[in-house]
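Novice: Let's see this in three dimensions:
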Amino acid sequence: MSNDRKPNRLVREKSPYLLQHASNPVNWYPWCDEAFETAREEDKPIFLSIGYSTCHWCHVMEREVFEKQDAAALLNEHFISIKVDREERPDVDHIYMDACQAMTGSGGWPLTIFMTPDKKPFFAGTYFPLAQFKSLISNILDIWTNKRHDIINASDRITRHIASQSDIKEPSAAQLNDTAAKKAFAQLGRAFDREYGGFGAAPKFPSPHTLMFLKRYALCFNDKEASDMADYTLTRMFLGGLFDHIGGGFCRYSTDREYLVPHFEKMLYDNAMLTIAYAEAGMHDIAERTLEFCIRDLLAPEGAFYTAFDADSEGVEGKYYLFTPKEVEHVLGGADAKRFCTLYNITKFGNFEHSNIPNLIKTGILTDEDEAFSARCREQLYHERRKRVPPARDEKFLLSSNSLMISALATAGRLMNEKKYVTLALSVTDFIRDNMMKGNRLYAVYRDGLLRHLATSDDYAYFAWALYRLHQATLDDTWLSLCITVCDSMMALFADDDGLLWLSGNDVTDLPVKSKNTYDGALPSGNSIAAGVFLRVYTLTNAEKYKNAYDKIVSALAGEINAVPRAHTALLSAALLDMSGGVKVELPRNNAQLRSIIRKFHPFAVYKENAEHNDAMVCIVDRCLPPISDLDTLTSAIEQTRVFS
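Specialist: Reported below is the predicted structural model:
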């Protein structure tokens, strides 16, 4: 990136991704009214480019295309160019990713869109090298000039199609029952990689919510195979290069079947969700190492977490994370280096780009003796690695990712009996309350003291989920009360007549159409998370409006869930709670033994403090058990709850 070039409009933005493009010769606009007004006044089509700061191919397209004067000259003369950070405006990204998938059958980032000044897309793609991009924009310009009518018709059709994806034409006659959960398990079983774990072929995304569904399914149906599938996948992901064995934390996804070669970017949201999955599976050492990475490398002085680390350093993907035997020997010395390299498959032949991704695929889980040795070596290698040029860090604060991190910290603190994690979860929650709310309205992004962009329903759902999990870790009704406030705001801002949540609120006016996020992909959808929170709040409060909100989401999606249950595993986890009726457990304030029940993984139990009783009170569906005074009886009462045999 040139430093002596006059910056474009993006220099006034706070997004690290937009700032990366502020010195491009392209005359970029952010997503704003000025850009669209200028396009209408000058009768120009719009070139929209969407990406994010840690996206490898976004960097490549910037270097190869947007830094080039000839490409910039074509864009500046004939187009209005807009750059969007998908993490700041997921609602914008969602609309145009739907368009790309509808037009091309696939999608990804950087997302390349050409559209009319009224925001209607007529061409979509992803990465284009320079020669292909220049040819493309010349063709687009020719069609815009000579076949405008065709473009207008095409853009109208695709915009109607995008809008129709969020329509529920009529309430589904389908009912959601245990059949959908069983079908999801069967689909996952057929896709399960019995040698290396995970599901399907490469690339393999962790999708922790799917593993969390399997653990819940195993409890409901007393199905050990479901639990084993989740545990084996969690183990294999940790053993491979997907996990950073030197510095901790997980990379974005695996490019191969074995989980050896990751896409090296590290996202806060992935590590938060994986922490929950590992903590719930009882793999506390891996959860701890994941959290320690987040706390050491992503926790900001302000008290919240940064967003991500780039995959590249010095322009090379993964360079920061690789080791040769000589580099290990330089740090550890001969004998220790040989032992460490043997354990972590670091050889002179290499396993990636003539170097090595440390991994335990061949070694397996270390013995206690090897782990003690390796921990000491890893610490030394970590400090040596810090001398290298690190990947860039995206230093904005996202409500969504920080909310998931609160959930992770609260869950790990509760299940692992680590008060420090709960204390940090409380601190991050305070940061959000103090800095990312105006009145009852949440904002999506905070950086350098400024709030940016109204929060989406995904943001609200994740924050409500965080507050619920914080309540379960502390039994402090302060957090249940705030969770209820967020739920009420979420319903008021986002709920459609069919009960589903629009992604953007009713106070967002700068989109061509509105969209709904209903599928559980790399992350669970806001509708799925919200449904689970609504149901748990209902169980704790008996307020029917939350059960009604849950029921409407499930009813609207029942047909889709029954057709493709594997795409709705987070919502199915909530449905399993509903089908079981759940277990409401009221715990006395001053009985530490009974209160220790919260440290066990009981996903269908919800806990509340009751200062008026000295015993535990347990209610299952529409019946309550006699007061319980000892932990073993309480544990048995909860664990005997099963949905189906």
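
Novice: what's the neighbour count on Glu265?
Specialist: Using other Cβ atoms under 10 Å, Glu265 has 23 neighbouring residues. Where you see a C-beta, it was placed from the backbone N, CA and C, and this is true even at glycine.

Novice: Could you do the one 4 residues further on as well?
Specialist: When neighbours are defined as other Cβ under 10 Å, Tyr269 has 22 of them.

Novice: and if you look at Ser636?
Specialist: 11.

Novice: list the buried ones in the helix or strand harbouring it?
Specialist: Using DSSP states H and E, Ser636 falls within helix 631-639. By neighbour count with 16 or more other Cβ atoms under 10 Å, helix 631-639 contains the buried residues Leu631, Thr633, Leu634, Ala637, Ile638.

Novice: Mean pLDDT per helix and strand in the protein: which one sits at the bottom?
Specialist: Least confident helix or strand, the chain: strand 623-624 with a mean of 90, by mean pLDDT, DSSP states H and E.

Novice: And stretch 154-161, what's buried?
Specialist: Buried residues in stretch 154-161, counting neighbours by 16+ other Cβ under 10 Å, are found at Ala154, Ser155, Ile158, Thr159.

Novice: Please give the centre-to-centre distance between that stretch and its chain.
Specialist: Chain-centre distance of stretch 154-161: 29 Å, with Cα atoms, centre = their mean, to the nearest Å.

Novice: repeat for stretch 403-422
Specialist: Its chain's average C-alpha position is 17 Å from that of stretch 403-422, according to Cα atoms, centre = their mean.

Novice: and if you look at stretch 73-83?
Specialist: On Cα atoms, centre = their mean, the centre of stretch 73-83 falls 32 Å from the chain's centre.

Novice: got a list of contacts for stretch 142-157?
Specialist: Pro45, Met115, Thr116, Lys120, Pro121, Phe122 (Cβ atoms under 8 Å, 6 or more residues apart in numbering).

Novice: The longest helix belonging to the chain: what's the following helix or strand?
Specialist: Determined from DSSP state H, the single longest helix within the chain is helix 544-563. Sequence order places helix 569-580 as the next helix or strand after helix 544-563, per DSSP H and E.

Novice: can you pull the buried residues of stretch 441-453?
Specialist: For stretch 441-453, by 16+ other Cβ under 10 Å, it's Leu442, Tyr443, Ala444, Val445, Tyr446, Arg447, Leu451, Arg452, His453.

Novice: The nearest residue to Ser155 once chain neighbours are set aside: neighbour count?
Specialist: Closest residue in space to Ser155, ignoring its immediate chain neighbours: Lys120 at 3.6 Å, by Cβ to Cβ, 6 or more residues apart in numbering. For Lys120, the number of neighbouring residues by other Cβ under 10 Å comes to 21.

Novice: what's the average pLDDT for the helix or strand Cys58 falls within?
Specialist: Using DSSP H and E, Cys58 maps to helix 56-61. When pLDDT is averaged over helix 56-61, the result is 94.

Novice: Any chance you could give me stretch 175-191 in PDB, C-alpha atoms only?
Specialist: What follows is the C-alpha trace of stretch 175-191 in PDB, where atoms were taken according to Å, rounded to 0.1, in the frame of the first residue of the first chain:
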ATOM      1  CA  GLN A 175     -44.800 -30.400  13.400                       C
ATOM      2  CA  LEU A 176     -41.400 -30.500  15.000                       C
ATOM      3  CA  ASN A 177     -40.800 -33.700  17.000                       C
ATOM      4  CA  ASP A 178     -38.100 -36.200  17.800                       C
ATOM      5  CA  THR A 179     -38.100 -37.400  14.100                       C
ATOM      6  CA  ALA A 180     -36.200 -34.200  13.000                       C
ATOM      7  CA  ALA A 181     -33.500 -34.700  15.700                       C
ATOM      8  CA  LYS A 182     -33.100 -38.400  14.700                       C
ATOM      9  CA  LYS A 183     -33.000 -37.500  11.000                       C
ATOM     10  CA  ALA A 184     -30.300 -34.900  11.800                       C
ATOM     11  CA  PHE A 185     -28.300 -37.500  13.600                       C
ATOM     12  CA  ALA A 186     -28.600 -39.900  10.800                       C
ATOM     13  CA  GLN A 187     -27.500 -37.300   8.300                       C
ATOM     14  CA  LEU A 188     -24.500 -36.500  10.400                       C
ATOM     15  CA  GLY A 189     -23.700 -40.200  10.900                       C
ATOM     16  CA  ARG A 190     -23.600 -40.700   7.100                       C
ATOM     17  CA  ALA A 191     -21.300 -37.700   6.700                       C
END
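
Novice: what's it in contact with?
Specialist: Identification of contacts with stretch 175-191 by Cβ under 8 Å, 6+ apart yields 199-200, 210, 213-214, 217, 220-221, 223, 225-226, 229, 554-555, 558, 561-562, 565-566, 568-569, 572, 575-576, 579, 643-644.

Novice: can you rerun that using 7 Å?
Specialist: 199-200, 210, 214, 217, 226, 229, 554, 558, 561-562, 565-566, 569, 572, 575-576, 579, 643-644 (Cβ atoms under 7 Å, 6 or more residues apart in numbering).

Novice: For the residue sitting furthest away from the middle of the chain, give me the pLDDT.
Specialist: No residue in the chain sits farther from the centre than Asn146, which is 43.3 Å out by Cα atoms, centre = their mean. At Asn146, the model reports a pLDDT of 95.

Novice: Gln20 now?
Specialist: For Gln20, the pLDDT comes out at 95.

Novice: sorry, back to before: among the buried residues of stretch 154-161, which two are most distant?
Specialist: Ala154 and Thr159 (9.6 Å; Cβ to Cβ).

Novice: okay, stretch 339-359 in PDB with CA atoms only?
Specialist: C-alpha atoms of stretch 339-359 as PDB (Å, rounded to 0.1, in the frame of the first residue of the first chain):
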ATOM      1  CA  ARG A 339      12.100 -35.200  21.500                       C
ATOM      2  CA  PHE A 340       9.800 -32.300  20.800                       C
ATOM      3  CA  CYS A 341      10.100 -32.600  17.000                       C
ATOM      4  CA  THR A 342       9.300 -36.300  17.200                       C
ATOM      5  CA  LEU A 343       6.200 -35.600  19.300                       C
ATOM      6  CA  TYR A 344       5.000 -32.700  17.100                       C
ATOM      7  CA  ASN A 345       5.900 -34.100  13.600                       C
ATOM      8  CA  ILE A 346       8.500 -31.500  12.800                       C
ATOM      9  CA  THR A 347      10.800 -32.900  10.200                       C
ATOM     10  CA  LYS A 348      13.400 -31.800   7.700                       C
ATOM     11  CA  PHE A 349      11.000 -32.800   4.900                       C
ATOM     12  CA  GLY A 350       8.200 -30.600   6.200                       C
ATOM     13  CA  ASN A 351       4.400 -30.900   6.100                       C
ATOM     14  CA  PHE A 352       3.600 -27.400   4.700                       C
ATOM     15  CA  GLU A 353       5.500 -25.000   2.400                       C
ATOM     16  CA  HIS A 354       8.900 -26.600   3.100                       C
ATOM     17  CA  SER A 355       8.400 -26.100   6.800                       C
ATOM     18  CA  ASN A 356       6.200 -27.600   9.500                       C
ATOM     19  CA  ILE A 357       2.900 -27.000  11.200                       C
ATOM     20  CA  PRO A 358       3.300 -28.500  14.700                       C
ATOM     21  CA  ASN A 359       0.700 -31.200  15.300                       C
END
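
Novice: that older thread, what's the helix holding Cys58 in contact with?
Specialist: Contacts to helix 56-61, defined as Cβ under 7 Å, 6+ apart, come from residues Gly51, Tyr52, Trp109, Pro110, Tyr127, Ala311, Asp312, Glu317.

Novice: Inside helices: which ones of the residues you listed?
Specialist: Using DSSP H, none of the contacts of helix 56-61 sit in helices.

Novice: a markdown table for those, including neighbour count and distance to Arg386?
Specialist: Below are the contacts of helix 56-61 laid out as a markdown table (neighbours: other Cβ atoms under 10 Å; distance: Cβ to Cβ, whole Å):
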| residue | neighbour count | distance to Arg386 |
| --- | --- | --- |
| Gly51 | 28 | 28 |
| Tyr52 | 23 | 25 |
| Trp109 | 19 | 29 |
| Pro110 | 23 | 30 |
| Tyr127 | 20 | 32 |
| Ala311 | 25 | 18 |
| Asp312 | 20 | 17 |
| Glu317 | 21 | 19 |
